[in-house]
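S.K.: using only what follows, build the 3D model:
(chains A and B)
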Amino acid sequence: MDFTLTEDRRMLSDSLSRFLADKYTYDHRAKVAYEAPFHDAGLWSEMCEIGVLYALAPEDAGGFGGGGFDITTVFEALGRGLSPAPVLGTLLASKLLTAAGADQSALLDGSVRYAVAIGELDAPYDLDGIATEASGGTLTGRKSVVYGGNDAEVFLVAAKSGDGLAIYEVKASDADVTGYGLIDGGGAAELFLDKTPGTEVLANARDALEDALDAGRLALCAEAVGAMDATNEILLDYLRTRKQFGVPIGKFQALQHRAVDLVTEIEQARSITIFAASRMGEADQARSVSMAKTLIGRAARLVSEEAIQMHGGIAMTWEASVSHYGKRLVMIDAQLGDVDYNLERVMAGYAA
Amino acid sequence: MDLSFTKEEQEFREEVRAFLDEKLPEELAEKVRIGGELDKADMDRWHAILNEKGWLAYGWPVEFGGTGWSPVQKHIFEEEAAAANAPRIVPFGLAMLGPVLHKFGSKEQQDEILPRILDGSDWWCQGYSEPGAGSDLASLKTRAVRDGADYVINGQKTWTTLGQHANKIFCLVRTSTEGKPQEGISFILVDLDTPGIEMRPIRLIEGGHEVNEVFFTDVRVPAENLVGEENQGWTIAKFLLTHERTNIAGVGFSMKALEEVKALARRTKRGGKPLIENPLFAARIADVEIELEAMKITNLRMLYTAQTQGAPGPETSILKIKGTVIRQALNDLSRRALGPAAAPFPSEDMFGNAALVEAGDVNNAADYFNNRKLSIFGGSNEIQRNILTKAMLEL
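M.R.: Numbering: from 1, shown residues only, chains lettered A, B, ... in the order given. Take a look at the predicted model:
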């Protein structure tokens, strides 16, 4: 039993955290996260030089990681620094290209930006509801809230192909892409496909898609843990310094016990994320990841809402950093499967 | 990051399993399984079996007759014992007084008392709380006044668990009213046969007799029964509160309870279908299972801290809070799964009735009510939050 990070992962975590703290200061992030391209495109290649993307892919795909704890190491640091960079889409794309055995050197060195288009308006989480269809080398349908899609050069699109699902590569220049910013920072896009040319990357892709989505869910759990840690530090600092009735408000038991409850939930969130990371590649991967995403969905929302409430009016302002963490923590639930979706996946094993 | 146990630890687990398989009497395990009441003979019997193996004082150092096990070994033992429905080891002598004497007791006290805990000659109980001193334990009023070679004790203790089986009690008593309340408390050992002591049962919410109140009227106790220095009692009490807290989460009990809730929801029907196929009920189970899965890792993380840094930190209060809430949630689900069948008031006859025992846990609702205590005793969950506020949040 060992709950410490390996030397390599600790170094990666430290470099990435330092990079984000130095380069994505509050002011800088507030400036770039909400205006196209919704992250600092100039800093993307700098971040890639640290090796962040290589850590997400296994060695035989050209990376140096790709395991559960590689993913959590990277995303926990991204969450702590509230990074708006489109790393989630890159992770999903890397997983799919790895499954396809396709070359991904341009993805890993950061020179070509990928986005993955799976979810649709009426099927935000489940693969069964996908309506986008492939026919004769073209794709038709609409992909909704494609993370990083506003700024991607290549889309990997999940579409129906005969009885199954397949993955197609679509060039952004061939498609109708409507990019926009997200309420919690970062960008996404609606991808309108109308007999748009697409090259098949992987047939019978259901398992590969589920696997990539599980990796993405795990990444979001870790991102939330990092963001919850940061939020908690901001909150405790505020409780120690903000005075009302002549004393720091952290002296009031009504707030103390609620702050303790948040720490309890954060520790449970950290634990279930470690659990899920340890189950990647095992038979219970999907169920374990769904357990984690369920607990994280609840905990992150609680931490957000309570941190905002305990800050009072100041948390209603754009200038308070807790507001931005708070938005991210709530919106994470709606990415790649919310509490209800994941809870159902956990329950699915009970009937037998 | 590596969540697996070492080869040696896995072999140890096998050894514990084999021992439980061979030595845990079936009738005791069955009594535990159906939530029946264990009597003194049952508990003494299990203690004797463990003592013969040398595993009774599994938290003690070897020099005092313990196992010298690592925190991980203790955890494995507790987990396997719970899974096998072994009776819980009565903690008062073994997990509480024992460690106090190891650290604060005189050589004479250690030599005389520790072997009698192991061989079952003495059954200890705890005299801490008073009617006016619950969460605010330091306000306790039971007085011990020095008179020649004795202390004379007057006052009242309460919530004395299993005191009806005990022949000895360790008490916190007030030996000084100077300074802060914490500074005038001493830790003293009392023979329950001493004249002036009266023990009365307290009937609990579910009807059972588990705790007692103890009255002291001019009880003369030899001064050498003091443990540590006079007025050092609060230090000892705090030591006890932070000692042996790795099993505080009760993960083993919860794992067992989760299994039973699932089994119950599979055989109980609603609308012609197993209750577990009802998505509302299944979701409630899943909620608790997820919390428990996280709790297992939280528990291991703190165990790892204890193993690598010598002692667990104040964050073990998190285990108490979450662990008890999870256990209570499982009791609640089990009670709800039975519906109206949880309502019959348990009696001896019912435990003897195979048809009723088969239908569900006879003691189901009683367990639910009795286990409301989990978040109250051992420092209520609110007190745990106060501890965490100071020690972890530094507010």
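
S.K.: how far does stretch B:280-287 sit from its chain's centre?
M.R.: Its chain's C-alpha centre and that of stretch B:280-287 lie 29 Å apart, by Cα atoms, centre = their mean, to the nearest Å.

S.K.: my error: substitute stretch A:275-287 in the last question.
M.R.: 18 Å.

S.K.: quick one: terminal-to-terminal distance for it?
M.R.: For stretch A:275-287, the separation between the terminal residues is 11 Å (Cα to Cα, to the nearest Å).

S.K.: contacts for that stretch next, please.
M.R.: Residues outside stretch A:275-287 that contact it (Cβ atoms under 8 Å, 6 or more residues apart in numbering or on different chains): A:67-69, A:71-72, A:210-211, A:214-215, A:218, A:221-222, A:288-289, A:291-292, A:345-346, A:348-349, B:1, B:3, B:293-294, B:296-297. From N, CA and C alone the C-beta is placed, and that goes for glycine too.

S.K.: low-confidence stretches in chain B?
M.R.: Across chain B, the ranges flagged by pLDDT under 70 are B:244-246, B:348-363.

S.K.: grab the most central residue of it for me.
M.R.: Centroid-nearest residue in chain B: residue B:91, 5.8 Å away (criterion: Cα atoms, centre = their mean).

S.K.: spell out which parts of the stretch 251-395 of chain B neighbour chain A.
M.R.: B:262, B:265, B:274, B:276-277, B:279, B:282-283, B:285-287, B:289-291, B:293-298, B:300-301, B:303-304, B:307, B:315, B:318, B:321-322, B:382, B:385-386, B:388-389, B:392-395 (Cβ under 8 Å from any Cβ of the partner chain).

S.K.: check the stretch 51-200 of chain B too.
M.R.: Where the stretch 51-200 of chain B comes near chain A, counting by Cβ under 8 Å from any Cβ, the residues are residue B:72.

S.K.: let's see it at 10 Å
M.R.: By Cβ under 10 Å from any Cβ of the partner chain, the part of the stretch 51-200 of chain B that sits against chain A consists of B:72, B:75.

S.K.: tell me how many other residues crowd the residue in the stretch 51-200 of chain B positioned nearest to chain A.
M.R.: Closest to chain A within the stretch 51-200 of chain B is residue B:72: 6.7 Å, counting by Cβ to the nearest Cβ. Residue B:72 has 20 neighbouring residues, counting by other Cβ atoms under 10 Å in any protein chain shown.

S.K.: quick one on the thing from earlier: of the residues of the stretch 251-395 of chain B next to chain A, which belong to strands?
M.R.: Using DSSP state E, residue B:274 are the members of those that sit in strands.

S.K.: show me just the buried residues among the residues of the stretch 251-395 of chain B next to chain A.
M.R.: B:262, B:265, B:274, B:276-277, B:282-283, B:285-287, B:289-291, B:293-298, B:300-301, B:303-304, B:307, B:315, B:318, B:321-322, B:385-386, B:388-389, B:392-393, B:395 (16 or more other Cβ atoms under 10 Å in any protein chain shown).

S.K.: now do the residue nearest the centre of chain A, the pLDDT please.
M.R.: The centroid of chain A falls nearest to residue A:220 when counting by Cα atoms, centre = their mean (3.9 Å). Here, the pLDDT recorded for residue A:220 equals 98.

S.K.: so who does it touch?
M.R.: A:75, A:79, A:88, A:91, A:273, A:289, A:292-293, A:296-297, A:300, A:332-333, A:335-337 (Cβ atoms under 10 Å, 6 or more residues apart in numbering or on different chains).

S.K.: element containing it, please.
M.R.: According to DSSP states H and E, residue A:220 maps onto helix A:206-241.

S.K.: what sits opposite the residue of the stretch 1-150 of chain A found nearest chain B in the beta ladder?
M.R.: Nearest to chain B in the stretch 1-150 of chain A, going by Cβ to the nearest Cβ, is residue A:2, at a distance of 4.4 Å. Residue A:2 has the following beta-bridge partners by DSSP bridges: residue B:2.

S.K.: quick one: contacts for it?
M.R.: Contacts of residue A:2 (Cβ under 10 Å, 6+ apart): B:1, B:2, B:3, B:4, B:304, B:308.

S.K.: 8 Å instead, please
M.R.: Contacts of residue A:2 by Cβ under 8 Å, 6+ apart are B:1, B:2, B:304.

S.K.: and the second one, how many residues sit next to it?
M.R.: Right, residue B:2. Neighbour count of residue B:2, defined by other Cβ under 10 Å: 12.

S.K.: just checking, it touches residue A:1?
M.R.: Yes - with contact defined as Cβ atoms under 8 Å, residue B:2 counts as touching residue A:1 (6.3 Å).

S.K.: tell me which element the nearest residue to residue B:131 once chain neighbours are set aside falls in.
M.R.: Leaving out its chain neighbours, the residue that sits closest to residue B:131 by Cβ to Cβ, 6 or more residues apart in numbering or on different chains is residue B:158, at 5.7 Å. Using DSSP H and E, residue B:158 sits within strand B:150-161.

S.K.: tell me the gap between the helix or strand just after that strand and the middle of its chain.
M.R.: Downstream of strand B:150-161, the next assigned helix or strand under DSSP H and E is strand B:168-174. Chain-centre distance of strand B:168-174: 18 Å, with Cα atoms, centre = their mean.

S.K.: toward the C-terminus, what is the element adjacent to strand B:168-174?
M.R.: Note on strand B:168-174: by DSSP H and E, the next helix or strand toward the C-terminus is strand B:185-191.

S.K.: list the buried ones in that next one?
M.R.: Applying 16+ other Cβ under 10 Å to strand B:185-191 flags B:185, B:186, B:187, B:188, B:189, B:190 as buried.

S.K.: report the beta-bridge partner residues of the second one.
M.R.: Partner residues in beta bridges with residue B:186: residue B:173, with DSSP bridges as the criterion.

S.K.: surely it touches residue B:234?
M.R.: No - in this structure, residue B:186 is not within contact of residue B:234 by Cβ under 8 Å, at 9.0 Å.

S.K.: what is in contact with those two at once?
M.R.: Common neighbours of residue B:186 and residue B:234 (Cβ under 8 Å, 6+ apart) are residue B:172.

S.K.: can you give me the helices for the stretch 251-352 of chain A?
M.R.: Taking DSSP state H, counting those that start in this stretch, the helices of the stretch 251-352 of chain A run over residues A:253-278, A:285-311, A:321-331, A:339-347.

S.K.: okay, buried residues for the helix or strand that contains residue B:31 please.
M.R.: For residue B:31, the element it lies in under DSSP H and E is helix B:26-33. Using 16+ other Cβ under 10 Å as the test for burial, helix B:26-33 gives B:28, B:29, B:31, B:32.

S.K.: check stretch B:142-161 too.
M.R.: By neighbour count on 16+ other Cβ under 10 Å, the buried set for stretch B:142-161 is B:142-144, B:150-161.

S.K.: got the CA coordinates for that stretch in CSV?
M.R.: What follows is stretch B:142-161, C-alpha atoms only, in CSV (Å, rounded to 0.1, in the frame of the first residue of the first chain):
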residue,chain,number,x,y,z
THR,B,142,-17.6,13.3,40.8
ARG,B,143,-15.2,14.1,43.6
ALA,B,144,-12.3,12.1,44.9
VAL,B,145,-10.9,13.6,48.1
ARG,B,146,-7.6,12.4,49.6
ASP,B,147,-8.1,11.0,53.1
GLY,B,148,-4.9,9.3,54.5
ALA,B,149,-4.0,6.4,52.3
ASP,B,150,-7.3,6.5,50.4
TYR,B,151,-9.4,8.6,48.1
VAL,B,152,-13.0,9.0,49.1
ILE,B,153,-15.3,9.2,46.0
ASN,B,154,-18.7,10.8,45.8
GLY,B,155,-20.8,11.3,42.7
GLN,B,156,-22.5,9.7,39.8
LYS,B,157,-21.3,8.2,36.5
THR,B,158,-23.6,7.3,33.6
TRP,B,159,-23.7,5.5,30.2
THR,B,160,-21.5,2.8,31.7
THR,B,161,-21.6,0.2,28.9
